[in-house]
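K.L.:
need coordinates for the following:
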Amino acid sequence: NQLTSLPSEIGSLTSLSGLVCESNQLTFLPSEIGRLTSLTELGLSNNRLTSLPSEIRSLGLGLNLGNQLQDTGDGGKCTNIIGWQDDLGDGCGWYEAENECGRAHLYVEADGISANEACCFCGGGTSGVDI
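P.N.:
Numbering: from 1, shown residues only. Model prediction:
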C-alpha cells in the first residue's frame, strides 16, 4: 500500500467502525479523524507518523502505531500532540530546537496543557499504545 495521506473528508464517515491503514506511507492524519465517533478499530502501524492530531484522543481508542513514532530513548515510542502550541504560538519543535522545556510550565495553551505534557522532547507526548 502506498497511501501518503487521508482526505479531511474522512471526518464525514461518522458511522465508520473500522479503519485499517497499516503498512502505508502516512505522515500525518487529518484532525477530522476525531469526528469518527463510531470507530472501534484504527490500525496505523507501519506508517511514517511522527505525531497525531489531539482530536484523536476523544475517540478513546488504544492505538498501536508500531515503530513509526519518535524513539523515546528507552525503547518506547512517543508522539507529540499534533497541532499543540503554547500561548505564544510555539510548538513542540520550538521547545526541542531551543531546549526550553524547563520553562514550559510558564507558557500553557488554552486547555492548560504545557510542552511538558504535549511534547516528547519535554517528557510529555503519548506512547503509541495508550492514546
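
K.L.:
can you name the next helix or strand after the strand ranked longest in the chain?
P.N.:
As assigned by DSSP state E, the longest strand anywhere in the chain is strand 77-82. Toward the C-terminus, strand 77-82 is succeeded by helix 92-98 as the next helix or strand (DSSP states H and E).

K.L.:
pull out the buried residues from stretch 89-105.
P.N.:
Neighbour-count burial for stretch 89-105, counted by 16 or more other Cβ atoms under 10 Å, picks out D90, G91, C92, Y95, E96, E100, C101, A104. The way it works is simple: take the backbone N, C-alpha and C, and place the C-beta from them, glycine included.

K.L.:
tell me the contacts of the first one?
P.N.:
When the contact criterion is Cβ atoms under 8 Å, 6 or more residues apart in numbering, the partners of D90 are Y107, A115.

K.L.:
could you check the pLDDT of it?
P.N.:
pLDDT recorded at D90 is 88.

K.L.:
how about low-confidence regions in the chain?
P.N.:
Scanning the chain for pLDDT under 70 picks out 50, 57-58, 60-77, 110, 127-131.

K.L.:
which residues in it form strands?
P.N.:
Here the chain has its strands, by DSSP E, at 18-20, 41-43, 51-53, 70-71, 77-82, 126-127.

K.L.:
let's have these in TSV, adding distance to P7.
P.N.:
TSV is the format used below for these (distance: least, Cβ to Cβ, whole Å):
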stretch	distance to P7
strand 18-20	12
strand 41-43	16
strand 51-53	14
strand 70-71	25
strand 77-82	17
strand 126-127	24
